[in-house]
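Participant: Sequence first, then the predicted structure:
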Number of protein chains: 2
Amino acid sequence: MGKIIQCVPNFSEGQDQGTVDKIVEPLKNQEGFKLVGVEPDKDYNRTVVTLLGDGEAMLEPLLKFVEKARDLIDMNKQSGEHPRMGAVDVIPFIPIREATMEDCARLANSLGKRIAEKLAIPIFLYAEAAQTPKRKRLPAIRKGEFEGMKDKIQEETWAPDFGKPAIHPTAGATAVGARLPLIAYNIDLETDDLDIAKKIARAIRGSSGGFKHVQAGPVYLDERGHVQVTMNILNYKQNPIYRIIETVKMEAARYHVNVPSSEIVGLVPQDAVERSLKYYFAVENKPYSDGTPLEVMTKYARTHLLFRDFDVLKIIEANIDIP
Amino acid sequence: MGKIIQCVPNFSEGQDQGTVDKIVEPLKNQEGFKLVGVEPDKDYNRTVVTLLGDGEAMLEPLLKFVEKARDLIDMNKQSGEHPRMGAVDVIPFIPIREATMEDCARLANSLGKRIAEKLAIPIFLYAEAAQTPKRKRLPAIRKGEFEGMKDKIQEETWAPDFGKPAIHPTAGATAVGARLPLIAYNIDLETDDLDIAKKIARAIRGSSGGFKHVQAGPVYLDERGHVQVTMNILNYKQNPIYRIIETVKMEAARYHVNVPSSEIVGLVPQDAVERSLKYYFAVENKPYSDGTPLEVMTKYARTHLLFRDFDVLKIIEANIDIP
């Protein structure tokens, strides 16, 4: 088995299952890669898609997928809890096995160019594919969101990397990039007080003095009726999951708020789960075997890390056929 | 009452009480400021002195204090757990009330110049008094310590800010600077395994992904027979004491190591203690009154923050006569 690349497109529809199905259709049953995850979120009104396999093989199907999203989503009418600037909001390529960041940046360039030329959607290259330091961080590019992008993209410093300096009238703009694997992780709080989630997010995130590789914010989940701290963990080795959820529990204790569960959005590396399980096993003075099967690990993660809606296929390695 | 400045000279003798007494003698019973703390540490072989009051009034007595240390300490023979480069290792000025950082930088310049001229000890200006970004961080200046400074100071980039590019043969070199108040804080671990302290320090400190404003390292206390995580907290508002000690307890749990106590070296702002006490009171669902007297607060801090050897005069505000 050769290079394995992960691609995690996010698009701005998470409520209408029929539309979600139509948009991801071009990514199903393709040669060279697998569609391993489609996770719509009603509150975010956003769907996270996960592909694994040969990056080159993903390009044409991705182009058709973006075309579907462009034709089926009207950003003028779309709203949800998650910040967004386009029908397909962001498409990162991630090196998983034997692939390099350069491979991924090349894929981002290639896909970005085709989207701009064939679908008339302006493209920003971000993260490791960024052409300027200002475009490294997605939040900086996306600031102002779809509504603000109309004017922003006409400013000289915000001219897109591919395409004309004008948003697509219904599909907005898309960021395409290359980055290391990150963990999209949300911790549920048993309260509807958004202010508590805000204070806890501030305690843990790097930008306000917390854990360096954690980007976190508060969100209210209308559908579920509670708040959560939503985050990206950019380096799970230095900022392991257990330390983050334990710190969130510590902070929640002062508000007498329970932390009943947490969730991984998209996939998580086996190593990230195992590192954290080893913490709990050590605390409980139980041996943890390095050969623990992924299925068993999944069960442990539900118990110790409080992962809800978590099955074995959420672990990256479970989706790779080992020859 | 006018400007209040804090000055916290550290000198490299913490074992011979007679010598410590002689060195601090010139700082006792002076007009315009108070000697509020003298804390020798046998394992560190270092004493932390705390002065509070009018900064200008401190200058002449400080000069005499440095002279005593120069004459009574021979760095060629000195050794201890704490990194050091001079008989008087570092002298920071800190704005406490109505004083500015500029006031403190001016005092640092004035004192540094006099020490170099009158006592033939080369001076590095550091932190907010630094003349180049490379000299902002004390550890960068001190790297190589007394033993390495002999050669280092002759390099062009490490020429001292005052004095000749040569160490004093027995007193080494001294850093003089201006900075915001920081909290020197140590957390005791009930083990003699330095590796555990090292791992925990790595988990909490900013430089390896932990709390941004925490600088931490491991140390073995021979005298006491256990290890500790020794740290500076550079911003207690973003990185409050309770969050740090609770995280240390969380990490220590995996090694089944108890955290029996912690200690403040030098002084701590009232606000820093109160912020953390409020956390524990909230967790326990007890009201905390903002008018709590300093004496009572001191008792609470011993119970909740596990401060050992802590009395009311360790709180900065208890040393200032409020008119």
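Facilitator: That came through, no problem. Residues are numbered from 1 along each chain as shown, chains lettered A, B, ... in the order given.
Participant: And the average pLDDT for the one helix or strand A:Lys118 maps to is what?
Facilitator: When secondary structure is defined using DSSP states H and E, the element that contains A:Lys118 is helix A:101-119. For helix A:101-119, mean pLDDT is 98.
Participant: Spell out the residue ranges of the strands in the stretch 1-150 of chain A.
Facilitator: Across the stretch 1-150 of chain A, reading from the start of the chain, the strands by DSSP state E, counting those that start in this stretch fall at A:4-7, A:10-11, A:33-41, A:46-53, A:88-97, A:123-127.
Participant: list the helices and strands the second one packs on?
Facilitator: Right, strand A:10-11. Contact analysis of strand A:10-11 by 3 or more C-beta pairs under 8 Å, 6 or more residues apart in numbering or on different chains; DSSP states H and E lists strand A:46-53, strand A:88-97 as its packing neighbours. Backbone N, C-alpha and C define where each C-beta goes, glycine included.
Participant: export the helix holding A:Lys118 as PDB, just CAs?
Facilitator: The C-alpha coordinates for helix A:101-119 follow below in PDB (Å, rounded to 0.1, in the frame of the first residue of the first chain):
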ATOM      1  CA  MET A 101       3.200  18.000   3.400                       C
ATOM      2  CA  GLU A 102       4.600  19.000  -0.100                       C
ATOM      3  CA  ASP A 103       2.400  16.300  -1.600                       C
ATOM      4  CA  CYS A 104      -0.600  17.800   0.100                       C
ATOM      5  CA  ALA A 105       0.200  21.400  -0.800                       C
ATOM      6  CA  ARG A 106       0.500  20.200  -4.400                       C
ATOM      7  CA  LEU A 107      -2.900  18.600  -4.300                       C
ATOM      8  CA  ALA A 108      -4.300  21.800  -2.800                       C
ATOM      9  CA  ASN A 109      -2.900  23.900  -5.600                       C
ATOM     10  CA  SER A 110      -4.100  21.500  -8.200                       C
ATOM     11  CA  LEU A 111      -7.700  21.300  -6.800                       C
ATOM     12  CA  GLY A 112      -7.900  25.000  -6.100                       C
ATOM     13  CA  LYS A 113      -6.900  26.000  -9.600                       C
ATOM     14  CA  ARG A 114      -9.500  23.600 -11.100                       C
ATOM     15  CA  ILE A 115     -12.300  24.800  -8.900                       C
ATOM     16  CA  ALA A 116     -11.600  28.500  -9.700                       C
ATOM     17  CA  GLU A 117     -11.400  27.800 -13.500                       C
ATOM     18  CA  LYS A 118     -14.200  25.300 -13.900                       C
ATOM     19  CA  LEU A 119     -16.700  26.400 -11.200                       C
END
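Participant: Just the buried positions in it, please.
Facilitator: Burial within helix A:101-119, assessed by neighbour count using 16 or more other C-beta atoms under 10 Å in any protein chain shown, is assigned to A:101, A:103-109, A:111-116, A:119.
Participant: same thing with stretch A:25-40?
Facilitator: A:26-27, A:30, A:33-40.
Participant: Centre of the chain to that stretch, how far?
Facilitator: The chain centroid and the centroid of stretch A:25-40 are separated by 16 Å, computed with C-alpha atoms, centre = their mean, to the nearest Å.
Participant: contacts for it?
Facilitator: The contact list for stretch A:25-40, computed with C-beta atoms under 8 Å, 6 or more residues apart in numbering or on different chains, reads A:7, A:13-15, A:17, A:20, A:24, A:46-58, A:61-62, A:64-65, A:68, A:265-267, A:313-314, A:319.
Participant: rerun that using 7 Å as the cut-off
Facilitator: By C-beta atoms under 7 Å, 6 or more residues apart in numbering or on different chains, the surrounding residues in contact with stretch A:25-40 are A:14, A:17, A:20, A:24, A:47-54, A:57-58, A:61, A:64-65, A:68, A:265-267, A:313, A:319.
Participant: I'd like to know which of the helices and strands packed on strand A:10-11 is closest to chain B.
Facilitator: For the helices and strands packed on strand A:10-11, proximity to chain B was assessed by C-beta to the nearest C-beta; strand A:88-97 is nearest, at 20.0 Å.
Participant: which residues touch that closest one?
Facilitator: Residues outside strand A:88-97 that contact it (C-beta under 7 Å, 6+ apart): A:3-12, A:55, A:62, A:66, A:69, A:101, A:103-104, A:107-108, A:111, A:127, A:138, A:174-181, A:316.
Participant: mean confidence for that strand?
Facilitator: Averaging pLDDT along strand A:88-97 yields 95.
Participant: and chain A, which of its residues are near chain B?
Facilitator: Contacts of chain A with chain B, taken as C-beta under 7 Å from any C-beta of the partner chain, map to A:203, A:206, A:208-213, A:235, A:238-239, A:243, A:246-247, A:250, A:253-254, A:256, A:279, A:282-283, A:285.
Participant: Please indicate which of those are buried?
Facilitator: Buried subset of the residues of chain A next to chain B (neighbour count, 16+ other C-beta under 10 Å): A:203, A:206, A:209-213, A:235, A:238-239, A:243, A:246-247, A:250, A:253-254, A:279, A:283.
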